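**Student:** Could you work out the structure for the sequence below:
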Amino acid sequence: MSGTWARARGTWEQARRRWWVRWGVDLLLIGLVFVAVSTWQTRRHARAGTPAPDFTLRTLSGDTVSLESLRGRPVVLAFWAPWCGVCGAESSNLSQLRKLAGDSAHVVSVAVAYEDTADVQRFVDAHGVDYPVLLGDDALQRTWRVDVFPTVYFLSPEGHIQRSVVGYTTLAGLSWRWWL
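**Tutor:** Model prediction:
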């Protein structure tokens, strides 16, 4: 048996001398760490396949939007806070996703953890937000189990949670999760 281990170790050491094997192993390990951290961060979120908690919220302009009214197309639902710098950095990615998705999906955001609507409006103006902004509250934040900003949920056209992500997400990351 020790001869088998020696041959296997020699083969492995020979393979590790190739740059593409080293890079491949390193990228695989980085990917595994990324998946583990992502899974840990969303551990309290509602699981895939469960119905999304319904809501009816007011927009900055005073209109109301219900989650029910968004059914029929996938929904990308981003929760954010006006004081969150990462949320500001991610806002342009949500704008680009909205343009990319066109009429095939709804890209909507919910502002929570704010003092007053003027804070939300300042964020919208400062970051050129061009997607719908709904005004949430602490109860909605608890219902959706949002503990970290930004938090993005991806919903099916039928209104079921498909997946969620926490923290800054690139346009590629948002697009990939939306298309899955």
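
**Student:** hang on, Leu57 is in a strand, isn't it?
**Tutor:** Yes: read with DSSP: H, G, I helix; E, B strand; the rest coil, Leu57 is one of the residues of a strand.

**Student:** how many neighbours does it have?
**Tutor:** Residue neighbour count, defined by other Cβ atoms under 10 Å, stands at 19 for Leu57. Bear in mind the C-beta positions are built from the backbone N, C-alpha and C, glycine included.

**Student:** residues touching it, list them.
**Tutor:** By Cβ atoms under 8 Å, 6 or more residues apart in numbering, the residues touching Leu57 are Thr64, Val65, Ser66, Val110, Leu134, Leu135, Gly136, Leu140.

**Student:** Which ones among the residues you listed lie within strands?
**Tutor:** Among the contacts of Leu57, DSSP state E puts Thr64, Val65, Ser66, Val110, Leu134, Leu135 in strands.

**Student:** Just the closest of those to Trp176, please.
**Tutor:** Val110 (22.0 Å; Cβ to Cβ).

**Student:** Just the buried ones from the contacts of Leu57, in ChimeraX syntax?
**Tutor:** To isolate the buried subset of these in ChimeraX, counting by 16 or more other Cβ atoms under 10 Å, use the following:
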select :65,110,134,135,136,140
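
**Student:** ok, back up a step: make a markdown table from the ones in strands among the contacts of Leu57 and add pLDDT and distance to Gly10 to it.
**Tutor:** Shown next, in a markdown table, are these (pLDDT from 0 to 100; distance: Cβ to Cβ, whole Å):
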| residue | pLDDT | distance to Gly10 |
| --- | --- | --- |
| Thr64 | 97 | 69 |
| Val65 | 97 | 64 |
| Ser66 | 97 | 65 |
| Val110 | 98 | 57 |
| Leu134 | 98 | 61 |
| Leu135 | 98 | 64 |
